[in-house]
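In: pasting a predicted model and its sequence here:
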Amino acid sequence: MIDAMYNYRQGDIHSAEFSDEFNKLCIPFENSLSEEQIDMFHKILDCVSDTAAAELRAAYKVGFKGGATMMQKIQD
């Protein structure tokens, strides 16, 4: 249930822009790579993104459960 709530709310978050720091570092780096290296770089970025998403889901679950526990203790 918590996963469903997180995934539903995740769609409300719009963050299509990269930070200036990311653009300053990655664009020149990517421009220096061959096509094969660019494909590998994109795969690495996808892995980093998937890992960050998994960490956010885990943190959301822990926070949600902690908040629910706190509300339950307040009610008791």
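Out: Yes, it's here.
In: only C-alpha atoms for contact and neighbour calcs from this point on.
Out: OK.
In: give me phi/psi at the spatially most central residue of the chain?
Out: The chain has residue 53 as the residue nearest its centroid, 3.3 Å off, counting by CA atoms, centre = their mean. Main-chain torsions, residue 53, degrees, to the nearest 10: phi -60, psi -40.
In: how much space between it and residue 63?
Out: 15 Å (CA to CA, to the nearest Å).
In: for residue 71, same thing?
Out: Taking CA to CA, one finds residue 71 at 12 Å from residue 63.
In: what is the least confident helix or strand in the chain?
Out: Taking mean pLDDT, DSSP states H and E as the measure, the chain has helix 2-10 as its least confident helix or strand, at a mean of 63.
In: identify the residues contacting the helix or strand that it is followed by?
Out: Next in sequence after helix 2-10, counting helices and strands by DSSP states H and E, comes helix 20-31. Residues from elsewhere that reach helix 20-31 (CA atoms under 8 Å, 6 or more residues apart in numbering): 38, 41.
In: the same query, at a cut-off of 7 Å, please.
Out: Helix 20-31 has contacts (CA atoms under 7 Å, 6 or more residues apart in numbering) with residue 38.
In: roughly how far out does that helix sit from the chain middle?
Out: Offset of helix 20-31 from its chain centre (CA atoms, centre = their mean, to the nearest Å): 19 Å.
In: and for stretch 66-76?
Out: Distance of stretch 66-76 from its chain centroid, counting by CA atoms, centre = their mean, is 28 Å.
In: and for stretch 20-34?
Out: That offset, for stretch 20-34, works out to 20 Å (CA atoms, centre = their mean).
In: pLDDT on it, on average?
Out: The average pLDDT for stretch 20-34 rounds to 91.
In: ok, now stretch 42-52?
Out: Per-residue scores along stretch 42-52 average to 92.
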